[in-house]
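Peer 1: Coordinates for the following, if possible.
(chains A, B, C and D)
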4 protein chains.
Amino acid sequence: MAEVEIGIGRNARVAYGLDAVGIVPSRRTRDPRDVSLGWEIDAYRFDLPLVAAPADAITSPASAIALGRLGGLGILHVEGLWTRYEAPEPLIAEVTDLGITAGPAVANARLRELYATPVDPDLIARRLGELREAGVTVAAALRPQKVRALSAHVLAAGADLLVIHGTAVSAEHQSRQTEPLNLKRFIGELDLPVLVGGCASFSTALHLMRTGAAGVIVGVGSGLGDRTHETLGVGVPLATAIADAAGARMRYLDESGGRYVHVIGYGDLRTGGDVAKAVACGADAVMVDAVLATAQDAPGQGGVWPMNVLSSDLPAGNWSPVAGTATLEEIVHGIGAPVGATAGSLAGGLRAAMATTGYATLKEFQKAEIMVTAGRP
Amino acid sequence: MAEVEIGIGRNARVAYGLDAVGIVPSRRTRDPRDVSLGWEIDAYRFDLPLVAAPADAITSPASAIALGRLGGLGILHVEGLWTRYEAPEPLIAEVTDLGITAGPAVANARLRELYATPVDPDLIARRLGELREAGVTVAAALRPQKVRALSAHVLAAGADLLVIHGTAVSAEHQSRQTEPLNLKRFIGELDLPVLVGGCASFSTALHLMRTGAAGVIVGVGSGLGDRTHETLGVGVPLATAIADAAGARMRYLDESGGRYVHVIGYGDLRTGGDVAKAVACGADAVMVDAVLATAQDAPGQGGVWPMNVLSSDLPAGNWSPVAGTATLEEIVHGIGAPVGATAGSLAGGLRAAMATTGYATLKEFQKAEIMVTAGRP
Amino acid sequence: MAEVEIGIGRNARVAYGLDAVGIVPSRRTRDPRDVSLGWEIDAYRFDLPLVAAPADAITSPASAIALGRLGGLGILHVEGLWTRYEAPEPLIAEVTDLGITAGPAVANARLRELYATPVDPDLIARRLGELREAGVTVAAALRPQKVRALSAHVLAAGADLLVIHGTAVSAEHQSRQTEPLNLKRFIGELDLPVLVGGCASFSTALHLMRTGAAGVIVGVGSGLGDRTHETLGVGVPLATAIADAAGARMRYLDESGGRYVHVIGYGDLRTGGDVAKAVACGADAVMVDAVLATAQDAPGQGGVWPMNVLSSDLPAGNWSPVAGTATLEEIVHGIGAPVGATAGSLAGGLRAAMATTGYATLKEFQKAEIMVTAGRP
Amino acid sequence: MAEVEIGIGRNARVAYGLDAVGIVPSRRTRDPRDVSLGWEIDAYRFDLPLVAAPADAITSPASAIALGRLGGLGILHVEGLWTRYEAPEPLIAEVTDLGITAGPAVANARLRELYATPVDPDLIARRLGELREAGVTVAAALRPQKVRALSAHVLAAGADLLVIHGTAVSAEHQSRQTEPLNLKRFIGELDLPVLVGGCASFSTALHLMRTGAAGVIVGVGSGLGDRTHETLGVGVPLATAIADAAGARMRYLDESGGRYVHVIGYGDLRTGGDVAKAVACGADAVMVDAVLATAQDAPGQGGVWPMNVLSSDLPAGNWSPVAGTATLEEIVHGIGAPVGATAGSLAGGLRAAMATTGYATLKEFQKAEIMVTAGRP
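Peer 2: Got it, this is the predicted structure:
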């Protein structure tokens, strides 16, 4: 890894964002119909490498079912509104209305009230049951600090995949106040695959892999009004974060004698080009958020907000309005996407990128040649 | 080629766009009247290294004739509206009207309808005949997937040059669905020079040269509302793409025992400075598009749209309005260009650049010293 | 330190601003309640590494007391309005009113009149007494050129810390007009700790450390409408300036046999992320200005202006309006920060950054891994 | 000089603009009253290193006299309006009026008409006489192509300095159409010092020095609506161009056995910071243009236009409006500069920069440490 000396005796690695990266055509092109976008994690196979983030504005039971039927995976947040309320839809509609008529501050205040109602274990069972009945893979997310309190309910509800997700998740949380979760022991005792993240470097990814996770989510912060980089100064540009995690995957594959841990790239990915670049940097799949909020039927009903609304330790993100009239299918596949759309075609663009540059599978595409743009673009 | 490590074990080449490049004056200056902008491809000689892209908004039989008379070359797209309709002008006027009054989405929908009408082989013959009668070089373009179906008509119509052009064209297209075109065998059987592209790297350019092409078109995507880089993540900044192809030209010159394959730079080139930089990076000529749509009599009649409107595999570009009151001659030569114009003087600027920096021919100018701007401009 | 050759025979070091830097998560995370933000200088201990700049728009006796009670340190400028007038508040209100109704030029002219009234030694004693009575650490600032004239009054008033601050302060001021202050001798004769700055490189910081200063302020120019970089061309991007000074601290620690000189980073720091990055680059604490002017009760009463209003040698900065409705506590800790705020959470963000990346103390956090973003962000 | 490979087998030097550069404080500061801004060229000594560009919107006999009295040097263009018309002021007023009421295109057309009137040798004598009578150094400029026709008149009028200036001037102009000027022989036959330029690299500067020039003007294009870089693609970022020329000055000093040729930096320099950076990169003085057009009494009377209006070979620049209410003295010295000014304090800022960083003379300041900002600023 290239280092520069930013001051006498102080070095820094040089990192690259996805915007700085482009995929180079190879000497082959390929029929798009011959391109496979499939991947699998443990016993679960998906036609598309698209995962919807566990955030109430993005993933409801209904939207998870819809995305699952399109070939992707929606992750329901177990600490979200769907497990706190019988019918959260009117409440979200109220938040949208407040945000538009009275301003984001009022919408935000109302959101904080809504999240003060405790999670109802019966609703966890019921919501995951809805996913199961619909025949899609059942994935449920918790923050690390709630794993102890809520994971039993998730397991009892028969989840297929457990996701432990926070702004930054490490293999080794230290606290003098409470006994911290031993992630490795916890995962070792489960018999379902676990995805953990966000992480953002070779070392954090490698340590998370060593906990026994089936996949790591790479990327700190989100596209949902989250201000992590601005308020904390913490963050690694995504092309480098993903490439680092892919390097950790290779290292761990060797040291574990063959366990392949999936790398799921997560950032504010909005176009098929963003998805293609994330895969070309080494991701097995991507987790998307804000772009899905532009769907007609998005759970956020015209608004987005990050799940760090749950936390009192981090400067919270805020409710923001979002516009969009495309269908989820249009955003995913890009068929009939409306003119002027600046986002979407997530899988359609990825397929076209792979065909254009001659690759047949995601694993091959992870080795595509890439360039970084220096100087002025 | 310099590489950087963007993550553990993952390298990327560093690439440069034309905006990052500047041409350095030499110790000589030269009388502009002594500067030659001439080049030739096979038996065809041109006074200006300017090629109009095969796109319906840019090149009609009339505009190809006009550009040919000014010293350049217009390429007619054989899958365009002029070979589908007896009189496409009123249809294009209708699209412009729809775009302005009802919005780009409606114009786009109408365009898709227009391109659903099949190509008429008789019109191919007639349109190319118009060019021939006008005494200009007759160049006709096809997408790779239509070469089999339509090239016989083009040859029968007596084209001088055949152009096989698509977003990304490779020497080796792979498909399990249909028998792919063997480009090398196809070109070997023809007895007219063929230009192929777009390509964007040393390796793709070299493999296209090995097919027997007389020239390769370097550049992926266009200036016509095409969103290839955004939606696919695919692309190489043009200064590097052209320099790479020029390197391939040198390699192929050696391995072929002296065949010189022309490199035609293609991107959203809008000024004489853009053209000069493309040549200084190694191009023999350039292919331009959007800037020509600003001419008073441009075929697009106030609108532009990319030819990937023909494709259902790629996220399509869109109709966009374009304003302009200059004549084609003003855009090409820059004489009397209206105040405030931000583009044009394509050949005039190139000639002035060569005179200012002391070069007499395009071949000499390809070796001009260049600089890249680092840090903040 | 990496150098580049900007021209034949002319080298330049490569420098980085805080915006180019990001902090990399480590393999640990930490409970925010276990994070300490404490630091000390000589006998004075502070809960937060936040120092308010000695500028009349930022620090009054009242605001210094308020910040001191929150755990930080406010530095009162001894050449400011509070030591020239019994009651400067109505005068500042008048300036704000002029600025808003008649424009910045008129406000500026009035400011210059206000600073023409001489400093009153009795008011120095009274203002510093107010701080002492409130139980906070008493810190007072002078420009280098006024040290001789005014420092005795500051010492007599019983200051805890003396601050010698100017746009650029060196260990060796040269003048043929007046006998320059020998900073080393002056500091050597005092028995209270002295902070000096601004400085902006390894060598300037090291020489200031050798004067016997307890701390050096690193950063040239401020966020208060100061135009030093623009009008003088002088300046070092802050990440490099701080890292350089931290390198000088290490060198001086060695050569002095163990004297630790504090490095106080100073620039237009506005968010917890800015503060976190400054510490991660090597700062022991930071000095902030413009962001504090957004507090409801900020001394500037809706306006900011740099203290170079005192100087006739430098192109002066100007009065500018500033908006803000947060409380000082919200800006510092970020609890209940209003929606849409683009700044603040200075200590709250720093604490969250350290917890997120697994560090318990400021000294540890100074060694956090950092990255610089290359190419396009 | 660092090179990068922009493509296979194609290298480019890396160049830096003034915006990428900052001056690093040294371990000394200095009393501004001890700073000297003086320089001399041959027998002519100037208090300020400021030269006003030979352009009609910038330099009239009156403005050259005013600048000369302030310590700088104004260069009158011998092909300008003052040598074509007895009273050009009303004509310029008409152009301004046309530009504002009818638009730049109409102003431009009128300008072209005005420059069609031939230069009157009697007026050359009279205008230079006005300068001489006022007691300022008499400097007159010609384009290279008019040296043969007009230099005799300039010499006869008793100019102190002859300036041969064009967009790009080389030591070796080649033409098959006309016998080109042999610059070396021409300069050798004169007995007054000659400044030549613009040039923009080590090699062009060195060859111009070998012609016997007393100074070279470094910089291609200007701040006056000139579009050279855009329309020609030709240009070298100014920090590198000046540093290169300073390198050539050193080389020529050696090979000539001690002839010191002055380097005059020329670009769109607008602030004291720009001037300071140009000197710190190696310039002996700077030539400024657009910023002087903001003076109350600027010859352009509210408009600027580049002198390439004289040329039919280059894409011409255009008339543009310019606003400003400062006096020339305020722009030069920065005393009492109005609030909100984004430019000016040219010498005042330079003096403050030298004092702040501890340098006493321009020659010392040419060796000041500089940094370049990498990544994001």
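Peer 1: what packs against the helix or strand bottoming out on mean pLDDT in chain A?
Peer 2: The weakest-scoring helix or strand in chain A, judged by mean pLDDT, DSSP states H and E, is helix A:228-232 (a mean of 82). Secondary-structure packing of helix A:228-232 (3 or more C-beta pairs under 8 Å, 6 or more residues apart in numbering or on different chains; DSSP states H and E): helix C:272-280, helix C:346-357. From N, CA and C alone the C-beta is placed, and that goes for glycine too.
Peer 1: phi, psi of residue A:296?
Peer 2: Per-residue torsions, residue A:296: phi -50, psi -40 (degrees, to the nearest 10).
Peer 1: Would you mind measuring from it to chain B?
Peer 2: 16 Å (C-beta to the nearest C-beta, to the nearest Å).
Peer 1: do residue A:367 as well
Peer 2: Distance check for residue A:367 against chain B: by C-beta to the nearest C-beta, it reads 9 Å.
Peer 1: With residue A:101 instead?
Peer 2: Per C-beta to the nearest C-beta, residue A:101 is found 28 Å from chain B.
Peer 1: remind me which residues of the stretch 251-377 of chain A are low pLDDT?
Peer 2: Applying pLDDT under 70 to the stretch 251-377 of chain A picks out residues A:313-316, A:335-344, A:374-377.
Peer 1: ok so, going back, wait, which of the helices and strands packed on helix A:228-232 is closest to residue D:158?
Peer 2: Minimum separation from residue D:158 across the helices and strands packed on helix A:228-232 (C-beta to C-beta) falls at helix C:272-280, 60.9 Å.
Peer 1: Counting by contacts, list what the closest one packs against.
Peer 2: Against helix C:272-280 (3+ C-beta pairs under 8 Å, 6+ apart) you get helix A:228-232, strand C:21-23, helix C:238-255, strand C:285-288, helix C:346-357, helix C:362-365.
Peer 1: I'd like the ones you listed as a markdown table, with mean neighbour count and distance to residue B:308 appended.
Peer 2: Shown next, in a markdown table, are the helices and strands packed on helix C:272-280 (neighbours: other C-beta atoms under 10 Å in any protein chain shown; distance: least, C-beta to C-beta, whole Å):
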| stretch | mean neighbour count | distance to residue B:308 |
| --- | --- | --- |
| helix A:228-232 | 25 | 35 |
| strand C:21-23 | 28 | 37 |
| helix C:238-255 | 25 | 44 |
| strand C:285-288 | 29 | 52 |
| helix C:346-357 | 28 | 44 |
| helix C:362-365 | 17 | 51 |
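Peer 1: so residue A:107 sits right up against residue A:93, yeah?
Peer 2: No - using C-beta atoms under 8 Å, residue A:107 is not in contact with residue A:93, being 11.5 Å away.
Peer 1: who's more crowded, these two?
Peer 2: residue A:107 (24 against 13; other C-beta atoms under 10 Å in any protein chain shown).
Peer 1: Nearest spatial neighbour of the more buried one, chain-adjacent residues omitted?
Peer 2: What sits nearest to residue A:107 in space, not counting adjacent residues and going by C-beta to C-beta, 6 or more residues apart in numbering or on different chains, is residue A:99, at 3.4 Å.
Peer 1: Helices of the stretch 51-200 of chain A, residue ranges please.
Peer 2: Counting by DSSP state H, counting those that start in this stretch, one finds helices in the stretch 51-200 of chain A at the ranges A:61-70, A:89-102, A:104-114, A:121-134, A:147-156, A:183-189.
Peer 1: on that earlier part again, and the residue nearest to residue A:107, what is it in contact with?
Peer 2: Neighbouring residues of residue A:99 by C-beta atoms under 8 Å, 6 or more residues apart in numbering or on different chains: A:106, A:107, A:303, A:319, A:320, A:321.
Peer 1: Count the neighbours of the residue lying closest to the first one once chain neighbours are set aside for me.
Peer 2: Ranked by C-beta to C-beta, 6+ apart and with sequence neighbours excluded, the top spatial neighbour of residue A:106 is residue A:98, at 4.8 Å. Residue A:98 is flanked by 20 other residues according to other C-beta under 10 Å.
Peer 1: quick revisit: please convert the buried members of the contacts of residue A:99 into PyMOL selection syntax.
Peer 2: For the buried members of these, the matching PyMOL selection, counting by 16 or more other C-beta atoms under 10 Å in any protein chain shown, is:
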select buried, chain A and resi 106+107+303+319+320
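Peer 1: Now residue A:91: closest residue in space, sequence neighbours ignored.
Peer 2: residue A:114 (5.7 Å).
Peer 1: What of residue A:228?
Peer 2: residue A:221 (3.6 Å).
Peer 1: what pLDDT does that neighbour get?
Peer 2: At residue A:221, the model reports a pLDDT of 75.
Peer 1: Tell me if I'm right that the residue nearest to residue A:91 and residue A:98 touch.
Peer 2: No - with contacts counted by C-beta under 8 Å, residue A:114 stays clear of residue A:98, the gap being 11.1 Å.
Peer 1: how long is stretch A:306-321 end to end?
Peer 2: Its start and end residues considered, stretch A:306-321 measures 12 Å (C-alpha to C-alpha, to the nearest Å).
Peer 1: which one is the closest residue to chain C within the stretch 201-350 of chain A nearest to, not counting chain neighbours?
Peer 2: The stretch 201-350 of chain A approaches chain C most closely through residue A:233 (3.4 Å), counting by C-beta to the nearest C-beta. In space, and not counting its chain neighbours, residue A:233 is closest to residue C:273: 3.4 Å by C-beta to C-beta, 6+ apart.
Peer 1: you'd agree residue A:14 is in a helix?
Peer 2: No - secondary structure of residue A:14 (DSSP: H, G, I helix; E, B strand; the rest coil): strand, not part of a helix.
Peer 1: now residue A:35: how far from residue A:48?
Peer 2: Per C-beta to C-beta, to the nearest Å, residue A:35 is found 12 Å from residue A:48.
Peer 1: typed the wrong thing, it's residue A:173
Peer 2: From residue A:173 across to residue A:48, the span is 33 Å (C-beta to C-beta).
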